[in-house]
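1. quick one, structure for this:
(one chain, ligands or ions: 1)
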Amino acid sequence: MKSQVIDRIFGCLFGQAIGDALGLGSEFMDKKEVKKYYPDKLKRYDQIIQDGHRIRWNIGAWTDDTDMMLCLMDAFNNGGFLYERAAHNFKTWFNGIPMGIGRHVAKVLCCSDYEDAPFEASKIMWISTKCNCAANGALMRTSIMGLWKEYNRDWVEQACTLTHYDPRCILSCHIASFIINQLVWHSRLLSVDEVLSMTADAELASYIKLAYDSPNISDLELAKQPGIGYTYRTLCAALWCYWHSDSFESGLIDIVNEGGDADTNAAIACAILGARFGYNSIPIYYVNNLHRSDYYMNRCNDFVKIVLGS
Ligand SMILES: [Mg+2]
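-> Okay, here's the model as predicted:
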């Protein structure tokens with residue numbers, strides 16, 4: 001029992017970073033560009049083209065999605081999640097001038113009193129968008145919130161609301177985190193009806209049905225503008241993999257070859273796939289060639305000790 005839980009926790013954490021790192025290869029591309037640059041499909045980190053956007057990262061490096069997930073990781077102690085510490089970690093990360101940071105996250109974190117009143121800063125920034133900013137910047141880092149044994153919706157909401165105040169962001173984070181929690185701790189795959197029962201939002205319900213009913217991931221049109229970074233679209237992509245992928249690797253390859261917000265789509269989708277199929281199902285190439293893989297493994301080991309000791 002315990003070894004299977006550990007395998008799934010590591011699967012989730014490495015899935016997050018691997019999806020993020022390989023997804024960078026097609027981030028912001030449309031389908032035509034993906035086919036042009038990767039005619040035999042994007043499968044390996046060393047295929048990633050070195051254009052002006054991507055050359056800033058080392059080959060196989062994760063991006064802001066996993067950076068921010070690590071900020072949340074460092075906000076846990078034996079008693080659970082401390083949002084004040086997460087806010088401090090976000091601000092410290094922001095002050096280091098991180099690469100790939102999303103526009104909305106940057107606007108919130110640049111507030112001078114962010115650490116004293118993070119939720120207020122987040123709310124003010126959301127209101128300034130006429131309450132209509134529902135980007136996927138919280139969903140991209142939420143996977144770790146599902147790994148605590150006793151699922152805590154309040155913590156999930158806090159981890160989201162620290163930068164993303166929109167109810168659609170909160171709901172996306174809740175669904176993804178709960179799915180991961182059920183996979184890791186209960187070996188349970190939620191049915192489409194169970195996921196539908198988690199929301200009364202008709203728009204989200206249509207995205208959930210789209211994920212479930214589409215035979216091919218290309219039916220989701222993940223690279224179609226506008227709104228490639230919309231939280232419901234990223235959740236839809238992750239749900240497609242959750243219900244349709246028959247292995248970690250097949251889901252990873254499918255999603256990163258769709259372009260759009262590929263690093264974020266793949267980060268959350270592959271966190272779910274890793275939680276479902278386990279660390280031992282991940283081809284070792286993706287683990288060994290992840291940039292700073294040993295460092296990441298050490299961080300994950302420390303986190304697992306906290307989770308299992310709680
Ligand atoms: Mg990113």
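2. what mean pLDDT does stretch 26-45 get?
-> Averaged over stretch 26-45, pLDDT sits at 98.
3. gap between the two ends of that stretch?
-> Stretch 26-45 has an end-to-end distance of 11 Å (Cα to Cα, to the nearest Å).
4. and the residue of this protein closest to the ion?
-> residue 63 (3.4 Å; Cβ to the ion). In this view, the C-beta of every residue, glycine as well, is placed from N, C-alpha and C.
5. now do the strands in the protein.
-> Applying DSSP state E to the chain gives strands spanning 76-77, 80-81.
6. that older thread, just checking, the residue of the chain closest to the ion touches residue 263?
-> Yes - using Cβ atoms under 8 Å, residue 63 is in contact with residue 263, at 5.3 Å.
7. what is in contact with those two at once?
-> Counting by Cβ atoms under 8 Å, 6 or more residues apart in numbering, the common neighbours of residue 63 and residue 263 are 20-21, 24, 100.
8. what does stretch 200-219 rub up against?
-> Contacts of stretch 200-219 (Cβ under 8 Å, 6+ apart): 31, 168, 171-172, 192, 195-196, 199, 220, 232-233, 235-237, 239-244, 254-255, 258.
9. swap in stretch 178-192?
-> Here stretch 178-192 makes contact (Cβ under 8 Å, 6+ apart) with 4-5, 8-9, 12, 143, 146-149, 151, 153, 156, 195, 198, 208-209, 212, 242-243, 271-272, 275-276.
10. residues of the stretch 151-300 of the chain that sit close to the ion?
-> Residues of the stretch 151-300 of the chain lying near the ion by Cβ under 5 Å from the ion: residue 263.
11. kindly recompute the last result at 8 Å.
-> Counting by Cβ under 8 Å from the ion, the stretch 151-300 of the chain comes close to the ion at 261, 263-264, 267.
12. count of residues packed around the closest residue to residue 124 other than its chain neighbours?
-> Distance criterion Cβ to Cβ, 6 or more residues apart in numbering; nearest residue to residue 124, sequence neighbours excluded, is residue 111 at 7.8 Å. When neighbours are defined as other Cβ atoms under 10 Å, residue 111 has 17 of them.
13. the ion contacts on the stretch 1-150 of the chain?
-> 20, 23-24, 27, 63-65, 100, 102, 140.
14. for the closest residue to residue 11 other than its chain neighbours, give its distance to residue 286.
-> Of all residues beyond its chain neighbours, the one nearest residue 11 is residue 274 (3.3 Å), with distances taken as Cβ to Cβ, 6+ apart. With the distance defined as Cβ to Cβ, to the nearest Å, residue 274 ends up 10 Å from residue 286.
15. neighbour count: those two, which is higher?
-> Comparing residue 274 with residue 286 by neighbour count (other Cβ under 10 Å), the higher total belongs to residue 274, at 32 against 24.
16. you'd agree the more buried one is up against residue 12?
-> Yes - assessed by Cβ under 8 Å, residue 274 is found in contact with residue 12 at 4.7 Å.
17. helices of the stretch 101-250 of the chain, residue ranges please.
-> 103-109, 118-128, 153-161, 167-186, 192-196, 202-213, 231-244, 248-256 (DSSP state H, counting those that start in this stretch).
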